[in-house]
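Chemist: Quick one, what's the 3D model for this:
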Amino acid sequence: MLLVFFNACKKNQPPRDLRIECPPFGYKDSLVFFRVKATDPEKEEISYLFDWGDGTQSNWSPFLPSDSFWTDSHRFPDTLKFFIKAIAQDRKGNRAELTKEFPVIGFAPGRVLWRFHCDEDGNFISSPAIDTVDGTIYCACDAGHLHALRPDGSEKWRFSVEEEIHSSPVIDDNRNIIFATDEGGVYCLSPGGGFIWSHSLEGEEILSSPALSRDGNIYIGTANNIYCLNSSGEILAVRPRFGGEGLSSPAIDRNGTVFIGGEYFSAYPPDLGAPKWEIPLPDEAKSSPAISEEGNVYFGCEDGRIYKDSLPIYYLSGPVSASPVILGDLIIGCDEEGRIYGFTTTGGDSWVSPFSSGGNPSTPLISDAGILYVVVDYGKNQGEDSLFALALSSGERLWVTPVKVDSYELVSSPAISPEGIIYLGEEGGVVAIVGRGKVAPNGWPMFRGDLRHTGRKR
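Modeler: As a prediction, the model looks like this:
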């Protein structure tokens, strides 16, 4: 007897359980992040593609293990309901598809998008730094945390130390994050929040923000010294100085010269050797320097004057602690009497915009839409803390958003994303507000000069 056995081959199955995760809606021209994953019955690897519903598609992702998330992002050009299609494909070409309706809306400037609150009631004097690669916002609080926030306000990770933080973080050329604590700790973290190194400047209080040179060295000012550390956290040089309260942060020009305020305003060579020049001031310069395209250095002083290099060029009505900002021939300076001034690089008047008596302003920010943003902390004076948007050409008030900032001599300065979203620190958290434009592409348009807070001239 002849027995014949038929062994039917099992047919390869397409991925299943495809799912899309995304916000409930998006904003026109703003980056939206989508996550997708599927399960393959044969445990084969899966690649993903998005059809955005606006006539464009993403690239295929790398092949990933079954049941692994893939994240992609997109900017939608209009305010419509888009139908997003996710496609999952296994190694043998079998596909599964899922379509999701996704509304995109517009928004008016000045609107609060979200608020992030630290669960330990930490206050945010620190100014946010923005990673322009993935939009991550880094901001520190006095509860001892460095927070990494997504553009939608959710927390990616936090790194905690047992020390208060008032200094603002800086993002280096490798996207690592460097920050300092009030008790002299200096830390370097990876973009994922992993610890890389730390160094303790024993006996020092660090309130100012670090600056980064083009070769990766880190400059940090305190009340007593200025330090140069290499990219591994080792001290290369220390220079004693009279830094007052140590609030002025260093700035670096294209030649590597390091400028910093205090009871003296000083210019040091990159190795922190003998000062190139040093001038005694009638009062402390808490303001951090700003550097123009021509290489001139501007800073404010508690005596109410704005200096250009070593000479005063403009007189304000009250003490100056905020840093000036620069765009072309226009300099913007603020005083603690609640006024903001636009004047020229030669000291000529342009405009004055009063807020109200006694407001303590942040360092302003200039956008490429011709708008100037500044935060004013009224403290015990009459007035509600606010983010002001002013016309750069005239100082005219365009709109105002109430905020609740905290102040430790200095106020958290605003940063603006490439999508036009303004971020700043508040009491207990970080707030995101709809703005217009992105940071101006030249001059010294914001605190520390750029979104990464490098403190160096590009």
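
Chemist: domains of this structure?
Modeler: When the chain is parsed with automatic domain parsing, its domains come out as 16-105, 112-434.

Chemist: Go through these and name the closest to Lys10.
Modeler: domain 16-105 (8.9 Å; Cβ to Cβ). (Each C-beta comes from the backbone N, C-alpha and C, glycine too.)

Chemist: model confidence over the closest one, on average?
Modeler: Domain 16-105 carries an average pLDDT of 93.

Chemist: now the end-to-end length of it.
Modeler: 31 Å (Cα to Cα, to the nearest Å).

Chemist: Tell me who's in contact with Asn255.
Modeler: Asn255 makes contact with Gly295, according to Cβ atoms under 8 Å, 6 or more residues apart in numbering.

Chemist: how close does the closest residue to Pro77 other than its chain neighbours get to Cys22?
Modeler: The spatially closest residue to Pro77, leaving aside those adjacent along the chain, is Asp54, at 6.2 Å (Cβ to Cβ, 6 or more residues apart in numbering). From Asp54 across to Cys22, the span is 15 Å (Cβ to Cβ, to the nearest Å).

Chemist: now do Ser190
Modeler: 26 Å.

Chemist: okay, the two: which has more neighbours?
Modeler: Set Ser190 next to Cys22 and count neighbours by other Cβ atoms under 10 Å: Cys22 wins out with 17 against 12.

Chemist: ok, now which ones touch the more buried one?
Modeler: 32-35, 84, 100, 102.

Chemist: Which members of the residues you listed occur in helices, if any?
Modeler: In helices, defined here by DSSP state H, there are no members of those.

Chemist: partners of the residue nearest in space to the middle of the chain in the sheet?
Modeler: In the chain, the centroid-proximal residue (Cα atoms, centre = their mean) is Ala129; its distance is 2.0 Å. Beta bridges link Ala129 to Tyr138 when assigned by DSSP bridges.

Chemist: wait, it sits on Ser167?
Modeler: No: using Cβ atoms under 8 Å as the test, Ala129 is too far from Ser167 to be in contact (11.0 Å).

Chemist: in the chain, what spans have low per-residue confidence?
Modeler: 1-9, 355-358, 380-382 (pLDDT under 70).

Chemist: how about 50 then?
Modeler: Filtered on pLDDT under 50, the chain yields the residue ranges 5-6.

Chemist: buried residues in stretch 107-122?
Modeler: Neighbour counts over stretch 107-122 (16 or more other Cβ atoms under 10 Å) mark 109-110, 113, 116, 118, 122 as buried.

Chemist: Give me the distance between the two termini of stretch 225-240.
Modeler: For stretch 225-240, the first-to-last residue distance is 4 Å (Cα to Cα).

Chemist: hang on, I meant stretch 349-361
Modeler: Taking Cα to Cα as the measure, stretch 349-361 stretches 20 Å from start to finish.

Chemist: ditto for stretch 265-274
Modeler: Per Cα to Cα, stretch 265-274 runs 14 Å from first to last residue.

Chemist: Pull out the buried residues from that stretch.
Modeler: Applying 16+ other Cβ under 10 Å to stretch 265-274 flags 265-268, 270, 272 as buried.

Chemist: what's the farthest-apart pair in those residues?
Modeler: Considering Cβ to Cβ, no two members of those lie farther apart than Phe265 and Pro270, which are separated by 17.9 Å.

Chemist: So which of the domains of the chain is the most surrounded?
Modeler: domain 112-434 (a mean of 20; mean count of other Cβ atoms under 10 Å).

Chemist: Would you mind giving the domains of the chain as CSV with distance to Arg456 added?
Modeler: Shown next, in CSV, are the domains of the chain (distance: least, Cβ to Cβ, whole Å):
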stretch, distance to Arg456
domain 16-105, 27
domain 112-434, 4
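
Chemist: For Arg452, which of these is the nearest?
Modeler: Comparing the domains of the chain under Cβ to Cβ, the one sitting nearest is domain 112-434, at 4.0 Å.

Chemist: That'll do, ta.
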